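Participant: Okay, sequence plus prediction incoming.
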Amino acid sequence: MSQISALSTIQRHGPLRVGDLARREQISKSSVTRLVARLEETDYLERRVDPEDGRSFVVVITAHGHDLLAASRQRANEFLAHQVGRLSEDDRHAIFAALPSLERLVALS
């Protein structure tokens, strides 16, 4: 889950320095460094020279990483659709009525 979370954060915010990724993920820089190394080994992301500071680098999602996120979101969407389908009609209407507020909540992050 931490790998998917980190990839999602990079996808949402664009190329990030490791320290910025650590801050956004709310974990230590050393933990993110290990996480980035694992994601790099599996070709889900790559390091590139930071265009603003040639002494530093940023992490960027690869095509393989984008594919992993798409598959993960597809599985999550299918699971959620199945679970919502098991609810009563009143519960489904309540959830759908709350969607605009939930979208605004997500947009705050």
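Facilitator: Received, thanks.
Participant: Excluding covalently adjacent residues, which one is nearest to residue 50?
Facilitator: The shortest distance from residue 50 to any residue other than its chain neighbours is 4.2 Å, reached at residue 56 (CB to CB, 6 or more residues apart in numbering). To be clear about C-beta, it is placed using only N, CA and C from the backbone, and glycine gets the same treatment.
Participant: which SS class is residue 97?
Facilitator: Judged by DSSP: H, G, I helix; E, B strand; the rest coil, the three-state class of residue 97 is helix.
Participant: hang on, the earlier thing: C-terminal to the one helix or strand the residue nearest to residue 50 maps to, what's the next element?
Facilitator: Remark: residue 56 resides in strand 53-61, with elements defined by DSSP states H and E. Next along the chain after strand 53-61, taking DSSP H and E as the criterion, comes helix 63-85.
Participant: same for that next one, what does it pack against?
Facilitator: Secondary structure elements in contact with helix 63-85, counted by 3 or more CB pairs under 8 Å, 6 or more residues apart in numbering; DSSP states H and E, are helix 2-13.
Participant: quick one, the helix it packs on and strand 53-61 angle?
Facilitator: Here helix 2-13 runs at an angle of 110 degrees relative to strand 53-61 (axes from the mean of the first three to the mean of the last three CA atoms, to 10 degrees).
Participant: sorry, back to before: tell me the angle the strand holding residue 56 makes with helix 63-85.
Facilitator: With the same axes, to 10 degrees as the basis, strand 53-61 and helix 63-85 are set at 40 degrees to each other.
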